[in-house]
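K.L.:
mind folding the following:
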Amino acid sequence: MNRNSNIVIGAVLITLGTLFLLSNLGYVNFSWDYIWPLALLVPGVYMHFAFFTGIDKNPGILVPGGILTTYGALFYTNVFFGWHMMGNLWPLFLIGIAIGLFELYLFGNHDKGLLIPVAILGGIGGSALFRAYFHFDLKDYLIPAVLIIIGIVIMTKRDGKKTSS
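P.N.:
Numbering: from 1, shown residues only. Just a heads-up that it's a prediction; the model follows:
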């Protein structure tokens, strides 16, 4: 490790130790609950920072970066607003993976094969999240809508053959 990394890590440890000591002495109200999601959020944000600033030019770093950032934000939401929310927010575990893969698609080599798991995970996660907050049965609306869209596409699709007169 270089000197700058040692200084940053040392400063973080000193700050954490000071906060915990002041909390134990009763001078500040500080809890580990507010710190541990940083173990996911900071590396995720750093991976994005590293890619977009050119420190690491491998777009594959965006997959764990997207996942960790999403999960860190999810856990902070639960820390601040209550863990009862996890019953509705669990689809973000699927959506986090979809976000990481979609970032790889966008900033990588545009491999269309990545869109399949993105669509599956994002679709399942998104529909479950939508259903958690809007209380109606998606199959009552989604399946008919999909059938209508497929029917319209089939009806308006042109043959690949050109007609000559």
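K.L.:
give the closest residue to residue 59 in space, chain neighbours not counted.
P.N.:
residue 108 (3.9 Å; C-beta to C-beta, 6 or more residues apart in numbering). The C-beta positions use only the backbone N, C-alpha and C, and glycine is treated the same way.
K.L.:
can you list the domain ranges for this protein.
P.N.:
Residue ranges for the domains of the chain, per automatic domain parsing: 1-30, 31-156.
K.L.:
what about the last one, start to end distance?
P.N.:
Start and end residues of domain 31-156 are separated by 60 Å (C-alpha to C-alpha, to the nearest Å).
K.L.:
CA atoms only: put the helix or strand of the chain with the lowest mean pLDDT into PDB for me.
P.N.:
The helix or strand of the chain with the lowest confidence, counting by mean pLDDT, DSSP states H and E, is helix 3-24 at a mean of 83. Only the C-alpha atoms of helix 3-24 are listed here, as PDB (Å, rounded to 0.1, in the frame of the first residue of the first chain):
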ATOM      1  CA  ARG A   3       1.600   6.200   1.900                       C
ATOM      2  CA  ASN A   4      -1.700   8.000   0.900                       C
ATOM      3  CA  SER A   5      -3.700   4.800   1.400                       C
ATOM      4  CA  ASN A   6      -2.200   4.300   4.800                       C
ATOM      5  CA  ILE A   7      -3.100   7.800   5.800                       C
ATOM      6  CA  VAL A   8      -6.700   7.400   4.700                       C
ATOM      7  CA  ILE A   9      -7.200   4.000   6.400                       C
ATOM      8  CA  GLY A  10      -5.500   5.300   9.600                       C
ATOM      9  CA  ALA A  11      -7.700   8.400   9.600                       C
ATOM     10  CA  VAL A  12     -10.900   6.300   9.200                       C
ATOM     11  CA  LEU A  13      -9.900   4.000  12.000                       C
ATOM     12  CA  ILE A  14      -9.000   6.900  14.300                       C
ATOM     13  CA  THR A  15     -12.400   8.600  13.500                       C
ATOM     14  CA  LEU A  16     -14.300   5.400  14.100                       C
ATOM     15  CA  GLY A  17     -12.500   4.700  17.400                       C
ATOM     16  CA  THR A  18     -13.100   8.200  18.600                       C
ATOM     17  CA  LEU A  19     -16.800   8.100  17.700                       C
ATOM     18  CA  PHE A  20     -17.200   4.700  19.500                       C
ATOM     19  CA  LEU A  21     -15.300   6.000  22.500                       C
ATOM     20  CA  LEU A  22     -17.400   9.200  22.700                       C
ATOM     21  CA  SER A  23     -20.600   7.100  22.300                       C
ATOM     22  CA  ASN A  24     -19.500   4.700  25.100                       C
END
